[in-house]
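Colleague: A predicted structure for the sequence below; I have some questions about it.
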Amino acid sequence: MITAKIASIPERISHLESVINVLLKQVDKIQVYLNNYPSIPEFLQRINIEVFTSQKTGDKGDTGKFYEIEEVTGYVFTLDDDLIYPP
């Protein structure tokens, strides 16, 4: 199992979508921590994407990507929403 974990802020929504589209082809699961998003973007509503929100668990900033990391088994990659990853 390969899991990618990433945190994001609303100002980076377009970058986040690009990153998600690349990651979907490379990992089994993506966990996204959304800080202060007014709603969950449609592109994150997929079966292999798990979303955590600051409204439920508090604004954690970039450290949100480590939220519940101890629950993940297999390989875990923590990534950033402002970097473009190669396909």
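Modeller: Thanks, I have it.
Colleague: go ahead and report the secondary structure state at Phe77.
Modeller: Under DSSP: H, G, I helix; E, B strand; the rest coil, Phe77 falls in the strand class.
Colleague: count the neighbours of it for me.
Modeller: Look at Phe77: counted by other CB atoms under 10 Å, it has 15 neighbours. (C-beta placed from N, C-alpha, C; glycine too.)
Colleague: do the same with Gln55
Modeller: For Gln55, using other CB under 10 Å, the count is 13.
Colleague: what's in contact with the stretch of helix or strand it belongs to?
Modeller: Following DSSP states H and E, one finds Gln55 within helix 54-57. Helix 54-57 has contacts (CB atoms under 8 Å, 6 or more residues apart in numbering) with 33-37, 60, 64, 67.
Colleague: how about stretch 74-87?
Modeller: Applying CB under 8 Å, 6+ apart, the set of residues contacting stretch 74-87 is 1-9, 12, 15-16, 18-19, 22-23, 25-28, 62, 65-66, 69.
Colleague: just the buried residues from those, in ChimeraX please.
Modeller: The ChimeraX selection below is limited to those of the contacts of stretch 74-87 classed as buried (16 or more other CB atoms under 10 Å):
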select :3,4,5,6,7,8,9,12,15,16,19,23,27,62,65
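Colleague: tell me which entries of the contacts of stretch 74-87 lie within helices.
Modeller: 15-16, 18-19, 22-23 (DSSP state H).
Colleague: send me the helix holding Gln55 as CSV with only the CA atoms.
Modeller: Only the C-alpha atoms of helix 54-57 are listed here, as CSV (Å, rounded to 0.1, in the frame of the first residue of the first chain):
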residue,chain,number,x,y,z
SER,A,54,-9.9,22.0,9.8
GLN,A,55,-13.5,22.6,10.6
LYS,A,56,-13.6,19.2,12.3
THR,A,57,-10.1,18.9,13.7
